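A.B. asks: What follows is a predicted structure for the sequence shown.
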Amino acid sequence: MSLDNKTALEFVQVLHEALPYLQRFQGKTVVIKYGGNAMVDEQLKADFARDIVLLKTVGINPVVVHGGGPQIGSLLEKLNIKSEFVDGLRVTTSETMDVVEMVLGGLVNKEIVSLINQAGGKAYGITGKDAHCIKARKLKVTRDNPGLQKSEIIDIGHVGEVETIEREFIERMSQGNYIPVIAPIGVGHDGASYNINADLVAGKMAEVLEAEKLILLTNIAGLQDKDGKVLTGLSTTQVDDLIADGTIYGGMLPKIQCALDAVHSGVTSAHIIDGRVSHATLLEIFSDRGVGTLITNGLEV
Ligand SMILES: Nc1ncnc2c1ncn2[C@@H]1O[C@H](COP(=O)(O)OP(=O)(O)O)[C@@H](O)[C@H]1O
Ligand SMILES: CC(=O)N[C@@H](CCC(=O)OP(=O)(O)O)C(=O)O
């Protein structure tokens, strides 16, 4: 079957539109955070996997950090264990930690690995416990207590923050033939497991690997104002105001925080995009159309 002239022209135009991006991102690292809320159906998941393989094939190094919050939630529900969150972070008891490790390190990680490998890639699935590549410490969460006129520490259990990432270990994989697929579980100095929000791991990973881009795939079109309009051109102060007035809440809190931290630490740009849109990752990287919320070093959102 031959292409008619119009279709052939459109096809060539698409490739030409992608050319400057292919050149610019050659050999560069892109950290992609695949949120549990973006893993909504089988076709989308398979499309995501093919996009990752395409990136690798054209000479870009994708590093996937995945979440799985809703998937953890549904197993906890089946086990009759209540899910509780503080500032978008799951309160993690020892019992919950076992479920988190089972779901993130097992089910979700291996599903993504398998989909990428079926699409022709060489994905290598790990948690931060492998080779001790994500060292973590217990996260201290503080809250203002106006009654006591001071802030107090809230214990949310086995929730961690990233202390260090073994750059060389991840780089060896990603600059070789492999595609690292990383579950956000950290290891303490005593060998204990820590549940870390996946956005925070992805942000730190992008910083440590000096990535060109951090892409956060979620279930919403971008950072929105109170009327649901995707926001552009915000300063850090405006972000702080949006947090204070409750426009940014829940799971968007760690997301926006890690995006801001990443660009402050040298990552060229961070993007919060809608993972429910097929091939959102490719559209973001290779086309002139902006998708979702862009955060750059000039603090423009
Ligand atoms: N200002 C905001 N703009 C967009 N989404 C927001 C905002 N504030 C809170 N959210 C919530 O954050 C959610 C995304 O975070 P989260 O549920 O943790 O996703 P993921 O699993 O992809 O990390 C959105 O679905 C939305 O409900
Ligand atoms: C401490 C904490 O909240 N950890 C998250 C880890 C998974 C995650 O971040 O998943 P999403 O990206 O899909 O939300 C959790 O237990 O849900």
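C.D. replies: Structure's in. What do you need? Ligands and ions are numbered 1, 2, ... in the order given.
A.B. asks: pLDDT below threshold where in this structure?
C.D. replies: Scanning the chain for pLDDT under 70 picks out the ranges 1-3, 146, 148, 232-236, 290, 298-301.
A.B. asks: What parts of it come near ligand 1?
C.D. replies: 35-38, 67, 69, 199, 218-220, 223-224, 247-252, 255 (C-beta under 6 Å from any ligand atom). Yep, even glycine has a C-beta here, placed from its N, CA and C like the rest.
A.B. asks: For ChimeraX, what selects the buried ones among the residues you listed?
C.D. replies: Remark: buried members of the residues of the chain next to ligand 1, expressed as a ChimeraX selection using 16 or more other C-beta atoms under 10 Å:
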select :35,36,37,38,67,69,199,218,220,223,224,247,248,251,252,255
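A.B. asks: I'd like to know which of the residues of the chain next to ligand 1 are part of strands.
C.D. replies: residue 218 (DSSP state E).
A.B. asks: Go back to the residues of the chain next to ligand 1 and keep what's next to ligand 2.
C.D. replies: Within the residues of the chain next to ligand 1, those near ligand 2 by C-beta under 6 Å from any ligand atom are 35, 36, 37, 67, 69, 251.
A.B. asks: In JSON lines, list the residues you listed along with distance to residue 50.
C.D. replies: JSON lines is the format used below for these (distance: C-beta to C-beta, whole Å):
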{"residue": "35", "distance to residue 50": "18"}
{"residue": "36", "distance to residue 50": "20"}
{"residue": "37", "distance to residue 50": "20"}
{"residue": "67", "distance to residue 50": "20"}
{"residue": "69", "distance to residue 50": "24"}
{"residue": "251", "distance to residue 50": "26"}
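A.B. asks: Keep only those of the residues you listed that are in helices.
C.D. replies: Residues of those located in helices (DSSP state H): residue 69.
A.B. asks: Now do the nearest residue to residue 107 once chain neighbours are set aside against residue 141, distance only.
C.D. replies: With C-beta to C-beta, 6 or more residues apart in numbering as the measure, residue 71 is the residue that lies nearest to residue 107, at 6.8 Å, once sequence neighbours are left out. From residue 71 across to residue 141, the span is 24 Å (C-beta to C-beta, to the nearest Å).
A.B. asks: Tell me who's in contact with residue 268.
C.D. replies: Residue 268 makes contact with 212, 213, 296, 297 under the criterion C-beta atoms under 8 Å, 6 or more residues apart in numbering.
A.B. asks: From those, list the buried ones, please.
C.D. replies: So, of those, 212, 213 end up buried under the neighbour-count rule (16+ other C-beta under 10 Å).
A.B. asks: Could you export the contacts of residue 268 as a markdown table, including distance to residue 261 and secondary structure?
C.D. replies: Shown next, in a markdown table, are these (distance: C-beta to C-beta, whole Å; DSSP: H, G, I helix; E, B strand; the rest coil):
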| residue | distance to residue 261 | secondary structure |
| --- | --- | --- |
| 212 | 16 | coil |
| 213 | 15 | strand |
| 296 | 14 | strand |
| 297 | 12 | coil |
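A.B. asks: circling back: make sure the residue nearest to residue 107 is indeed in a strand.
C.D. replies: No. Residue 71: not assigned to a strand; according to DSSP: H, G, I helix; E, B strand; the rest coil it is helix.
A.B. asks: And the helices in the stretch 101-250 of the chain, which stretches?
C.D. replies: 109-118, 167-175, 198-208, 236-244 (DSSP state H, counting those that start in this stretch).
A.B. asks: in this structure, which residue is closest to the centre?
C.D. replies: residue 33 (2.0 Å; C-alpha atoms, centre = their mean).
A.B. asks: For residue 116, see how far away the residue in the stretch 201-301 of the chain positioned nearest to ligand 1 is.
C.D. replies: Nearest to ligand 1, among the residues of the stretch 201-301 of the chain, is residue 251, at 1.9 Å (C-beta to the nearest ligand atom). Going from residue 251 to residue 116 by C-beta to C-beta gives 24 Å.
A.B. asks: Stretch 137-147: how far from the chain's middle?
C.D. replies: Mean-position distance between stretch 137-147 and its chain equals 25 Å (C-alpha atoms, centre = their mean, to the nearest Å).
A.B. asks: before we move on, what about stretch 218-234?
C.D. replies: On C-alpha atoms, centre = their mean, the centre of stretch 218-234 falls 17 Å from that of its chain.
A.B. asks: re the thing from before, give me whichever of the helices of the stretch 101-250 of the chain is most buried.
C.D. replies: For the helices of the stretch 101-250 of the chain, the largest average neighbour count (mean count of other C-beta atoms under 10 Å) is found in helix 198-208, namely a mean of 27.
A.B. asks: That's all I had, so thanks and see you.
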